[in-house]
Structure formats: structure tokens, C-alpha cells
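Visitor: I'll drop the sequence and a predicted model, then ask my questions.
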Amino acid sequence: MTLWEWVAIFSGVVVTIATTKAMGVAPKWETASVYTVTVFAVVIIALRPAWGRSNFWRALVVAFLLHMLAIFFAMRELLPATSQGIHGIPMTVSGMVEGLLIAGFLWRASMKKASQRAGGPDAK
């Protein structure tokens, strides 16, 4: 990763924190917001070769919506201190695993040809 990619990720996190604080968002939802921005920023930057494919952007929207649903239900059920102390380690590990799963999903989706999606003669 280049310096500018790190700057983009860090800037996204800073803007997210500032926005959630300005809006008065509860700390656990602030944590979930920062988690989401970090995971998706890293995945999007890592998959730069796929940016020119429309399938990538469609799959990204699907992955983001599924992620938001999962985060909503997970954070609603977890204690407010989930991201603090020892509890931050499981969140970090889950972020890495989720990032890999999302990246794999996005990469595979972006590599599909239009005829394969439509069930055309080239579909397998």
C-alpha cells in the first residue's frame, strides 16, 4: 500500500469519528461505523484492479448492505463495551476475517462475465 492509500484510510476513520461525535451517536455505534469504514476502505483499495468492472461496484453494494444488516443485529445484541479492552481483539479478528470474505466475494463477482450472469451460452 502506498502512503496515499494509508492517508485515505486514516482520513476516512477520522471523518467517521468526527461525524458520529457531531451527530451524538452512541459509542458502540461509533465503533461499528469506524469498523465498517475501515473494512470497506481496505477492501476497496486492495481490489483496485477491479474498479473498472461494473460487477465489482454492484457486488460492493450487496456486500455493504449485508454487512450493515449483520452489524446492526450484532451490535444491538452486544454489550456497550464490546470494542474496549480484551473485547477489541475479537472485533479486530472478525474484521480481518470479514475483510477477506468480502474481498473474495467482490473479486469473484467482478470476474464474472455479463453472459455468465445472464445465463447465456457461455455460462457454466
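Guide: That came in fine, so what should we check first? This is a predicted model, so every value here is computed, not measured.

Visitor: need the strands for the chain, in chain order.
Guide: Secondary structure of the chain (DSSP state E): no strands present.

Visitor: so where's it uncertain?
Guide: 78-89, 114-124 (pLDDT under 70).

Visitor: at 50 what do you get?
Guide: Scanning the chain for pLDDT under 50 picks out 86, 115, 123-124.

Visitor: Nearest residue to the middle of it?
Guide: In the chain, the C-alpha nearest the mean C-alpha coordinate belongs to residue 40, at 2.9 Å (C-alpha atoms, centre = their mean).

Visitor: quick one: buried residues of stretch 39-50?
Guide: 39, 40, 41, 42, 43, 44, 45, 46, 47, 50 (16 or more other C-beta atoms under 10 Å). (C-beta placed from N, C-alpha, C; glycine too.)

Visitor: How about stretch 96-106?
Guide: Result for stretch 96-106 [16+ other C-beta under 10 Å]: buried residues 98, 99, 102, 103, 105, 106.

Visitor: I'd like to know how many residues surround residue 38.
Guide: Neighbour count of residue 38, defined by other C-beta atoms under 10 Å: 18.

Visitor: Just send the buried residues of stretch 39-50 back as a markdown table, with distance to residue 27 too.
Guide: As requested, those are exported to a markdown table (distance: C-beta to C-beta, whole Å):
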| residue | distance to residue 27 |
| --- | --- |
| 39 | 19 |
| 40 | 21 |
| 41 | 21 |
| 42 | 23 |
| 43 | 25 |
| 44 | 26 |
| 45 | 27 |
| 46 | 29 |
| 47 | 31 |
| 50 | 34 |
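
Visitor: I'm done for today, thanks for sticking with me.
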